[in-house]
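1. Turn this into a model:
(chains A and B)
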2 protein chains.
Amino acid sequence: MRRSVNVLIGGFLACASLLGAFPVHADDPLPSWAEGVAKTAILEFVQATTTPGSPSFVPAPERVAAFDHDGTLWVEHPVYAQVVYCLERVPALVRARPELAKVEPFATVMSGSREAMARLSVKDLEKIAVATLTGMSVEQFQADVRRWIAEARDPRWKRPYIELAYLPMQELLRFLRGSGYRTYIVTGGGQDFVRVYSESVYGVPPEQVVGTALGTKYGHGKDGRPVLTKEPRLVLNDNDAGKPEGIHLVIGRRPRAAFGNSTGDREMLEYTKAGDGARLSVLVLHDDARREYAYGPAMGLPDTKVGTFPQALLDEARKQGWLVVSMKDDWKRIFAFDP
Amino acid sequence: MRRSVNVLIGGFLACASLLGAFPVHADDPLPSWAEGVAKTAILEFVQATTTPGSPSFVPAPERVAAFDHDGTLWVEHPVYAQVVYCLERVPALVRARPELAKVEPFATVMSGSREAMARLSVKDLEKIAVATLTGMSVEQFQADVRRWIAEARDPRWKRPYIELAYLPMQELLRFLRGSGYRTYIVTGGGQDFVRVYSESVYGVPPEQVVGTALGTKYGHGKDGRPVLTKEPRLVLNDNDAGKPEGIHLVIGRRPRAAFGNSTGDREMLEYTKAGDGARLSVLVLHDDARREYAYGPAMGLPDTKVGTFPQALLDEARKQGWLVVSMKDDWKRIFAFDP
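-> Residues are numbered from 1 along each chain as shown, chains lettered A, B, ... in the order given. Here you go, the predicted model:
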């Protein structure tokens, strides 16, 4: 009964608003954002680019927004989730290929020593990534990531990694889509890795994920059915200059808005902001040691392997007119599980 | 006055149809297709995959349709439009780099001899493509293609190439989009080349064009502004096995429907058809020498450089259950300019 009444009331309100009798005030689309410069700038940008007749109006097909992933949409500290995934794949890899047990860097991982693992170089991690991310069909890989992402827990909150998505950014993605923007993830992380959960966590479908991509090889399985096998061949290094290059390859349009948090996003933010008309480039500052993490020389803290954020990047943001978002000051809540 | 009356009638009909009082019969969405097996199979596929409750129902996010371009969406005979574009760029290239005037294959092109040019090998054409498609910014390239596509005329009909798009396929693209499918072009031709006119000719935006792609390099122009320069580095050869590989890279989903016309589309058609649930793979047969062209051994005619279509491909279509579309029998009109 209540439902019927609601339907009737809903119908009446819909008619009334069509007639212009009751102006509809939308609720705050960004409730987790504190009132302030950052929130205002974002709201004004969206308003200006989507209001017909506005001098900054952007036609719907050109409304593209690009988001870095690690450190911009979810926690990247102290170790990228995908690095954890790859390290946890090593024992199974060594079972399948026992000759790797005594070969570095696999031997270090098999030792189980966290200290030794923390000393692995980027080159070591790349070797581990290539060995653990290739050789299987794309469907096998997707199934394995899906299982892992459901089971794995992060070391600090003991929660599934997908719960470490930033609530204010989830709100922003939804708000932009509601305003006719197509939201893309442009990640230095693995394209196939992020695609597995991008839709459920961020509402971003696989075809709107641009990421570091190894090639696939088309062939046929034992049953004669076609299969795409993941190959150790780098097609796109979606970091630094690779981000605008990857954006051109997959999207073919310069974004109107871009969001990043580290030096790997510098070129994407610069490229976005340098376009004609209204453009928004946003740098997220990890300055909340209590609720999340504070890191990088810009914080007066030592640099880390992840989320490189030197003072120079902050200086550049100010020089180029990028919007700097402080997680500490601009976000009322960081996670959906925050009180 | 008439307008107000129409609005009132329209409003009444809308209400009536919402109430189910007047079932709405859509007009034929494929008026240029002759009644027959092919048209019926396409209509039934779309109906089955988009009707809620149907055993073959496909959720909207998974509705992806992939179309080859040359020979499937527009004329590819006797020479690909993009090859003509590249050949016509050679004089300007030689003016800019006079040392090329005496180097093959550029010397042959500069000779102006059509006979000699017809003997150029695929390797020669690749050299010409790389030399004429790289070294400029993506914006310069887009502007040049836009100008050329407006000015150039094909040798037979003396019309802009974009008028050589197949009307039945334009109708089909529109019909699929109207049914919740996202339509992609998956072309062996240049991704950046096709993107320039894909939206206006086919309603396919740049981000839904997957094609053979040379890389770009991010840098800064003399004015200090960021620029993406087209580079002689092959990122994606979107032919043969490269089609499913490119589909995975850019779309990340197996298409529900695929359309092609030559051996370069074989793997895409096979990959599409091998997926679970309802799938449609379609091979367009160039068998209308009067209204378009008839070519390939399947026609009992000699093979040509373009649109390779051996008997084996037709045999495979029949074996794998691909739908074969005869341009002669299944298309009432081929071009919008046909009477």
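
2. What is the burial count for A:Arg254?
-> As a burial measure, A:Arg254 scores 23 neighbours (other CB atoms under 10 Å in any protein chain shown). Yep, even glycine has a C-beta here, placed from its N, CA and C like the rest.

3. doesn't it fall inside a helix?
-> No - according to DSSP: H, G, I helix; E, B strand; the rest coil, A:Arg254 belongs to no helix; its state is coil.

4. Not counting sequence-adjacent ones, nearest residue to it?
-> Nearest non-adjacent residue to A:Arg254, counting by CB to CB, 6 or more residues apart in numbering or on different chains: A:Gly275, 4.6 Å away.

5. did I read that right, that neighbour in a strand?
-> No - judged by three-state DSSP, A:Gly275 forms no part of a strand; its state is coil.

6. Name the residues of the stretch 51-200 of chain A found near chain B, please.
-> Residues of the stretch 51-200 of chain A lying close to chain B (CB under 8 Å from any CB of the partner chain) are A:61, A:64, A:138, A:182, A:191-192, A:195, A:199.

7. run the last query once more with 7 Å
-> A:61, A:138, A:195 (CB under 7 Å from any CB of the partner chain).

8. Next up, phi/psi of the last one, please.
-> Main-chain dihedrals, A:Arg195, degrees, to the nearest 10: phi -60, psi -30.

9. Helix, strand, or coil at A:Pro31?
-> At A:Pro31 the chain is in coil, as set by three-state DSSP.

10. go on, A:Thr40?
-> Here A:Thr40 is helix, with the state taken from three-state DSSP.

11. do the same with A:Pro55
-> coil.

12. does A:Leu314 sit in a helix or strand, and which one?
-> Using DSSP states H and E, A:Leu314 sits in helix A:311-320.

13. Next secondary structure element downstream of the helix or strand where A:Thr212 lies?
-> Following DSSP H and E, one finds A:Thr212 within strand A:209-220. Per DSSP H and E, the first helix or strand lying C-terminal to strand A:209-220 is strand A:226-236.

14. Quick check: which helices or strands does that next one pack against?
-> helix A:138-151, strand A:209-220, helix A:242-250, helix B:242-250 (3 or more CB pairs under 7 Å, 6 or more residues apart in numbering or on different chains; DSSP states H and E).

15. now the strands for chain A?
-> A:64-67, A:182-190, A:209-220, A:226-236, A:257-260, A:280-285, A:323-326 (DSSP state E).

16. so what strands line up beside the fifth one?
-> Partner strands and pairing direction for strand A:257-260 (DSSP bridges) are strand A:64-67 (parallel), strand A:280-285 (parallel).

17. Make JSON lines out of these and add mean pLDDT.
-> Formatted as JSON lines, the strands paired with strand A:257-260 follow (pLDDT from 0 to 100):
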{"stretch": "strand A:64-67", "mean pLDDT": "98"}
{"stretch": "strand A:280-285", "mean pLDDT": "96"}
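
18. Adding mean neighbour count as columns, could you present the ones you listed in TSV?
-> TSV is the format used below for the strands paired with strand A:257-260 (neighbours: other CB atoms under 10 Å in any protein chain shown):
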stretch	mean neighbour count
strand A:64-67	26
strand A:280-285	25
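
19. Figure out which of those is closest to A:Glu115.
-> Closest to A:Glu115 of the strands paired with strand A:257-260 is strand A:280-285 (CB to CB; 29.9 Å).

20. so how far is that closest one from its chain's centroid?
-> 13 Å (CA atoms, centre = their mean, to the nearest Å).

21. OK, now which residue of the stretch 1-150 of chain A is nearest to chain B?
-> Closest to chain B within the stretch 1-150 of chain A is A:Pro61: 5.8 Å, counting by CB to the nearest CB.

22. Give me the pLDDT for that residue.
-> Looking at A:Pro61, its pLDDT reads 97.

23. For burial, what's the neighbour tally of the residue nearest to it when sequence neighbours are not counted?
-> For A:Pro61, ignoring the flanking residues on the chain, the nearest one in space by CB to CB, 6+ apart is B:Pro205 at 5.8 Å. By other CB under 10 Å, the residues close to B:Pro205 number 19.

24. Kindly report the same for A:Thr183.
-> Counted with other CB under 10 Å, A:Thr183 comes out at 24.

25. Can you mark which positions in stretch A:84-101 are buried?
-> A:85-87, A:89-90, A:93-94, A:100 (16 or more other CB atoms under 10 Å in any protein chain shown).

26. Now, the residues you listed that are in helices?
-> Among those, the residues falling in helices (DSSP state H) are A:85-87, A:89-90, A:93-94.

27. gap between the two ends of stretch A:326-339?
-> Across stretch A:326-339, the terminal residues are separated by 19 Å (CA to CA, to the nearest Å).

28. ok, residues contacting that stretch?
-> For stretch A:326-339, the external contacting residues (CB atoms under 7 Å, 6 or more residues apart in numbering or on different chains) are A:32-34, A:36, A:38-39, A:159, A:163-164, A:166-168, A:284-288, A:291-292.

29. Distance from it to the middle of the chain?
-> Centre-to-centre, stretch A:326-339 and its host chain are 17 Å apart (CA atoms, centre = their mean).

30. Quick one: mean pLDDT for that stretch?
-> Averaged across stretch A:326-339, pLDDT comes to 96.

31. cool, and stretch A:249-264?
-> Averaging pLDDT along stretch A:249-264 gives 96.

32. on that earlier part again, A:Arg256 is nearest to which of the strands paired with strand A:257-260?
-> Nearest of the strands paired with strand A:257-260 (CB to CB): strand A:64-67, 5.9 Å.

33. Can you tell me what sits against that closest one?
-> So strand A:64-67 is contacted by A:73, A:176, A:181-186, A:247, A:251, A:253, A:255-259, A:268, A:272 (CB under 7 Å, 6+ apart).
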